[in-house]
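> got a predicted structure plus its sequence, pasted below:
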There are 2 protein chains.
Amino acid sequence: MPAQPALKPLNTDQLKTVCSSCSLRELCLPMGLSETEIERLDQLVSTRRRIKRGENVYRAGDPFASLYAIRSGFFKSNVILEDGRDQVTGFHMPGEIVGMDGISTDRHACNATALEDSEVCVIPFARLEEASRQVRSLQRQFHKVMSREIVRDQGVMMLLGTMRAEERLAAFLLNLSQRFVARGYSPAEFHLRMTREEIGSYLGLKLETVSRIFSKFQDEGLIGVQQKHIRILHVDGLKAMLGHHT
Amino acid sequence: MPAQPALKPLNTDQLKTVCSSCSLRELCLPMGLSETEIERLDQLVSTRRRIKRGENVYRAGDPFASLYAIRSGFFKSNVILEDGRDQVTGFHMPGEIVGMDGISTDRHACNATALEDSEVCVIPFARLEEASRQVRSLQRQFHKVMSREIVRDQGVMMLLGTMRAEERLAAFLLNLSQRFVARGYSPAEFHLRMTREEIGSYLGLKLETVSRIFSKFQDEGLIGVQQKHIRILHVDGLKAMLGHHT
DNA sequence: GACCGGGGTTGATCTACGTCAAGGCGCAAA
DNA sequence: TTTGCGCCTTGACGTAGATCAACCCCGGTC
């Protein structure tokens, strides 16, 4: 085997996963489950997939079979509109579950695209349903995860329906900050994985507007921006923007 | 009992309900279940509540205990913002299930307000979970109902994020029309239960804009409007508006 | 039958954000 | 090092929809 590389390429690897030893278990599906209950989860969440930047976990129209727990990396949910525009409907980070849009019609309704090289745990849905018929607390937890998605979406609807551009951006940054904190990262300093255009698409704004408002926030000393690197300098200032509809 | 009225007032009545004989069962939770499975549902969906116009099934902050299937009438989901404005996040008609926002935190995240005198079937959530641990197809159906809510919300997000005022209104009317059809009503002629302001709040527009666009559609022969009575005269014309982002 | 008030319409004007356009920065390939 | 290409920034200008304001319509009440 002289000409063989030491490791074969990993793009399609099926790696062994266990929830019970996962550092994200307090955020993810295992949240609130006992040790033995988590072991039941281990039985069904048996593989993970690596997704390269730009690739999709699933695409709109794909048959639905599994949910995916993000183990590492960063994703956007998006739909390609008839006119070719890419409409972003969400951003997702480790510990979050994607794919629930597929349950209702047995086909996915959107794409889940990696914004950086990432890894997801595959949760075969039929087996999750089976397990949650047996383990009450798992059933409960899964229902909470779905409900949280509903509440989150309604929050975005309100953002889009009522807020002005600056408020949207402020809310967006604060939301990201919170989610980073929950994952043990700095609340004040982080790296945006998405472009201005993707942020704009998600927030119902144009990329120029996003850029301008970042600059404005910077001029006002609220944040520091250089390219995709963000520092939040004055959280309360950002919070104060919300709800001030002029 | 001479001075007694023949019937006591019904506002707080607990009436017996059965899914198995309900005309909405093909739209509602029983969808796709067998006769015997629906009988299992009958055991838990035992009461219904009358809700007068303007009253709430639940309010934001209320402890969560049940879901509610709309049996008759019309509802909006809404949140009262700090500044007192009433932000509408959805409209609901018979056969739809409301209250799923409460699962994630055990408290409701919004109000469900009746837009006309209505009736809902109370579905105690603990018992629904119990039954769906026993009846596989009920579990599946319930998951589909939740997923449909997620997909629906994402559709609204896209509407708010990408469409212009006329497109939003056109999409709104077509959506109502479809939902009326599914319930056996005319797709072309219906009564709006909500005010222009509520429509605007839902669509991220001001009531004047809604009013103006209704008038415009009328001038163009797309619809007939008189107050809350709507006739759709030219469905294809409305459909053609979607996706034309000039 | 007169009154009243909530909802709806319509016009005139204002403005937040979109659009168009010209550069600039940073990274990767040549 | 140069070239090219995303991605971002910034300015000048245009416009969809908000705002402000007057008025109307209709259903309920006294």
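Ah, there it is.

> which bits of chain A sit near DNA strand D?
A:192, A:195-197, A:207-208, A:210-212, A:214-215, A:225, A:227-228 (CB under 7 Å from any atom of the strand). Where C-beta positions appear, they are placed from N, C-alpha and C, glycine not excepted.

> please repeat the previous calculation with a cut-off of 10 Å.
A:53-54, A:115, A:161, A:164, A:192-200, A:206-216, A:218-219, A:225-228, A:230, A:245-246 (CB under 10 Å from any atom of the strand).

> for PyMOL, write the selection for the buried entries among these.
In PyMOL, selecting the buried portion of the residues of chain A next to DNA strand D, with burial taken from 16 or more other CB atoms under 10 Å in any protein chain shown, looks like this:
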select buried, chain A and resi 115+161+192+193+194+196+197+198+199+200+209+210+211+212+213+214+218+230
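
> out of the residues of chain A next to DNA strand D, which sit inside strands?
Where the residues of chain A next to DNA strand D overlap with strands, as defined by DSSP state E, the overlap consists of A:225-226, A:230.

> what angle do the top helix by length along chain A and helix B:136-162 make?
As assigned by DSSP state H, the longest helix anywhere in chain A is helix A:136-162. With axes from the mean of the first three to the mean of the last three CA atoms, to 10 degrees applied, the angle from helix A:136-162 to helix B:136-162 works out at 20 degrees.

> before we move on, the earlier item: among the residues of chain A next to DNA strand D, which ones lie close to DNA strand C?
Of the entries in the residues of chain A next to DNA strand D, those that also sit close to DNA strand C under the rule CB under 10 Å from any atom of the strand are A:164, A:200, A:206-213, A:216, A:226-228, A:245-246.

> among those residues, which ones are in helices?
Here DSSP H is the test, and those give A:200, A:207-213, A:216 as lying in helices.

> and which of those is nearest to chain B?
Sorting those by distance to chain B puts residue A:200 at the head of the list, at 9.3 Å, by CB to the nearest CB.

> and chain A, what are its domains?
When chain A is parsed with automatic domain parsing, its domains come out as A:15-148, A:163-241.

> pull the helix or strand with minimum mean pLDDT from chain A.
Sorted by mean pLDDT, DSSP states H and E, the helices and strands of chain A end with strand A:15-16, the least confident at a mean of 59.

> tell me the helix or strand right after that one.
Heading C-terminal from strand A:15-16, the first helix or strand you meet, by DSSP states H and E, is helix A:35-44.

> buried residues, that next one. List them.
Of the residues in helix A:35-44, those buried by neighbour count under the rule 16+ other CB under 10 Å are A:37-38, A:40-42, A:44.

> and residue A:71, how many neighbours does it have?
Neighbour count for residue A:71, taken as other CB atoms under 10 Å in any protein chain shown: 20.

> center of chain A, which residue is that?
Geometric centre of chain A, nearest residue: residue A:92, 0.7 Å, by CA atoms, centre = their mean.

> that one contacts residue A:110, correct?
No: counting by CB atoms under 8 Å, residue A:110 is not a contact partner of residue A:92; they are 11.4 Å apart.

> what do those two both touch?
When contacts are counted by CB atoms under 8 Å, 6 or more residues apart in numbering or on different chains, the set common to residue A:92 and residue A:110 consists of residue A:77.

> pLDDT below threshold where in chain A?
A:1-17, A:243-246 (pLDDT under 70).

> run the last query once more with 90
Where chain A drops to pLDDT under 90, the residues are A:1-18, A:21, A:46, A:82-85, A:226-227, A:241-246.

> on that earlier part again, how about the residue nearest to the centre of chain A: which residues does it bridge to?
When bridges are called by DSSP bridges, residue A:92 pairs up with residue A:75.

> please name the residues that touch it.
Taking CB under 8 Å, 6+ apart as the criterion, residue A:92 is in contact with A:70, A:74-77, A:98, A:112.

> can you check residue A:109 too?
Taking CB under 8 Å, 6+ apart, we find residue A:109 in contact with A:60, A:79, A:101-102, B:151, B:154.

> need the max-distance pair from those residues.
Spatial extent of these (CB to CB) is set by the pair A:79 and A:102 at 13.3 Å.

> looking at the two, which one has more neighbours?
When residue A:79 and residue A:102 are compared for neighbours, residue A:102 comes out ahead with 24 against 18, by other CB under 10 Å.

> find the nearest non-adjacent residue to the more buried one, please.
Sequence neighbours aside, residue A:64 is the residue nearest to residue A:102 in space, at 3.0 Å (criterion: CB to CB, 6 or more residues apart in numbering or on different chains).

> quick one, phi/psi of the one you found?
For residue A:64, the backbone dihedrals are phi -90, psi 130 (criterion: degrees, to the nearest 10).

> that one contacts residue A:123, correct?
No: proximity of residue A:64 to residue A:123 does not meet the contact threshold set by CB under 8 Å, at 11.8 Å.

> circling back: would TSV of the buried residues of helix A:35-44 with distance to residue A:131 be doable?
Supplementary listing: the buried residues of helix A:35-44 in TSV, determined by distance: CB to CB, whole Å:
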residue	distance to residue A:131
A:37	9
A:38	11
A:40	6
A:41	7
A:42	10
A:44	6
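
> can you lay out the ones in strands among the residues of chain A next to DNA strand D as JSON lines showing distance to residue A:20?
Shown next, in JSON lines, are those (distance: CB to CB, whole Å):
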{"residue": "A:225", "distance to residue A:20": "40"}
{"residue": "A:226", "distance to residue A:20": "41"}
{"residue": "A:230", "distance to residue A:20": "35"}
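
> and of the residues you listed, the nearest to chain B?
Proximity of these to chain B was ranked by CB to the nearest CB; the top entry is residue A:230 with 22.0 Å.

> partners of the closest one in the sheet?
What pairs with residue A:230, by the bridge criterion (DSSP bridges), is residue A:190, residue A:225.

> how about residue A:143, nearest residue that isn't a chain neighbour?
Across the structure, with CB to CB, 6+ apart as the measure, the residue nearest residue A:143 apart from its sequence neighbours is residue B:103 (5.2 Å).

> same deal with residue A:238?
Leaving aside its sequence neighbours, residue A:238 sits nearest to residue A:170 (CB to CB, 6+ apart; 4.5 Å).

> which positions in chain A make contact with DNA strand C?
Within chain A, the positions adjacent to DNA strand C are A:163-169, A:200, A:203-213, A:216, A:226-229, A:245-246 by CB under 10 Å from any atom of the strand.

> phi and psi next, for the residue nearest to residue A:198 when sequence neighbours are not counted.
Residue nearest to residue A:198 in three dimensions, not counting chain neighbours: residue A:88, with 5.1 Å by CB to CB, 6+ apart. As for residue A:88, its main-chain torsions (degrees, to the nearest 10) stand at phi -90, psi 130.
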